[in-house]
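A.B. asks: Just to be clear, the model below is a prediction. Sequence and coordinates:
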Amino acid sequence: MELEYLSTETAPNPDAAVIWLHGLGASGHDFEPVVPELGLPANAAVRFIFPHAPELPVTVNGGMRMPAWYDIKAMDIDRVIDHEQLKASADAVIRLVQQQIDSGIDSRRIILAGFSQGGAVAYEAALSFSQPLAGLLGLSTYFATAETVQVAPANQSIPVNIYHGTRDPMVIEALGQRSVQAMKQLGITANYKTYPMEHNVCLEEIVDIGAFIRAVLKL
């Protein structure tokens, strides 16, 4: 699977990249407007890549086809999902990471971020990638492959920030907390912060995302 994507650069000749995955039913356009709000320095040259998920039938939505990283078969707290599709999406994201490396960007200057379904894919892709990455952001998401992921030694110490809404009716906050505990069991330290919001992003969170990007990329 080859992913189509949007790409925007904050300055010519980028030396860093952020690959940011949208949620179920959305598209790469979802987070594109956030880039100018991140407070990155004027001289920072960062390439933002916003992939589009393929269209798949989604069981919990009556089998309707929509942009989805994988099928969700049941919406209980344990999220019955199609793990093969999630892994295929993670592999496609890893190919995007490799493209950035091949273009001359050091893997240690590449961040993976994902919202909701996209976050579950970002967790799998980043933690299993064989070269060290700059950081991992999980936004209103859950760790769907916590019991099966093969954590690469190169990313055992990857900086991880997890952000969640305390009023989220779609991905309840307990799933965000569970992600932190699952990572701890894998020997990975994740910072966790909540916001008084539902299943979305808020301005305070966008400011924090910008701070994370600046910190791990040393901008």
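C.D. replies: On my side now, so go ahead.

A.B. asks: for stretch 166-184, the distance to its chain's centre please.
C.D. replies: 15 Å (Cα atoms, centre = their mean, to the nearest Å).

A.B. asks: helix, strand or coil for residue 49?
C.D. replies: strand (DSSP: H, G, I helix; E, B strand; the rest coil).

A.B. asks: What residues are recorded as beta-bridge partners of it?
C.D. replies: residue 7, residue 19 (DSSP bridges).

A.B. asks: Repeat that for residue 191.
C.D. replies: Going by DSSP bridges, residue 191 forms beta bridges with residue 161.

A.B. asks: what's it in contact with, if anything?
C.D. replies: Applying Cβ atoms under 8 Å, 6 or more residues apart in numbering, we find residue 191 in contact with 160, 161, 162. To be clear about C-beta, it is placed using only N, CA and C from the backbone, and glycine gets the same treatment.

A.B. asks: can you check residue 146 too?
C.D. replies: Contacts of residue 146 (Cβ under 8 Å, 6+ apart): 178, 179, 182, 183, 185, 186.

A.B. asks: That one: which element?
C.D. replies: Following DSSP states H and E, one finds residue 146 outside all helices and strands.

A.B. asks: let's number from 15 now, not from 1
C.D. replies: Renumbered: residue one is now 15, and that last one reads residue 160.

A.B. asks: Look at it and report its pLDDT.
C.D. replies: Looking at residue 160, its pLDDT reads 96.

A.B. asks: Also the one 5 residues further on?
C.D. replies: At residue 165, the model reports a pLDDT of 98.

A.B. asks: before we move on, what about residue 89?
C.D. replies: 78.

A.B. asks: now, which of the contacts of residue 205 sits nearest residue 220?
C.D. replies: Set against residue 220, the nearest of these by Cβ to Cβ is residue 175 (12.8 Å).

A.B. asks: For residue 89, which residues are in contact?
C.D. replies: By Cβ under 8 Å, 6+ apart, the neighbours of residue 89 are residue 74.

A.B. asks: Could you check the pLDDT of the residue sitting furthest away from the middle of the chain?
C.D. replies: In terms of distance from the mean C-alpha position of the chain, residue 76 ranks first, at 25.8 Å (Cα atoms, centre = their mean). Residue 76 carries a pLDDT value of 93.

A.B. asks: quick revisit: buried ones among the contacts of residue 160?
C.D. replies: Buried members of the contacts of residue 160, scored by 16 or more other Cβ atoms under 10 Å, are 192, 193, 196, 197.

A.B. asks: I'd guessed the third one sits against residue 159; true?
C.D. replies: What that stands for is residue 196. No - with contact defined as Cβ atoms under 8 Å, residue 196 does not reach residue 159; the gap is 9.5 Å.

A.B. asks: in this protein, which spans are strands?
C.D. replies: According to DSSP state E, the chain carries its strands in the segments 19-23, 30-35, 60-65, 69-72, 78-81, 86-88, 94-95, 124-129, 149-153, 174-179, 204-209.

A.B. asks: Can I get the second one in PDB? Just the C-alpha atoms.
C.D. replies: Backbone C-alpha positions of strand 30-35 (Å, rounded to 0.1, in the frame of the first residue of the first chain) are rendered in PDB as follows:
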ATOM      1  CA  ALA A  30      13.400  17.700   9.900                       C
ATOM      2  CA  ALA A  31      10.000  16.100   9.300                       C
ATOM      3  CA  VAL A  32       6.700  15.500  11.100                       C
ATOM      4  CA  ILE A  33       4.400  12.700   9.700                       C
ATOM      5  CA  TRP A  34       0.900  13.300  11.200                       C
ATOM      6  CA  LEU A  35      -1.900  10.800  10.800                       C
END
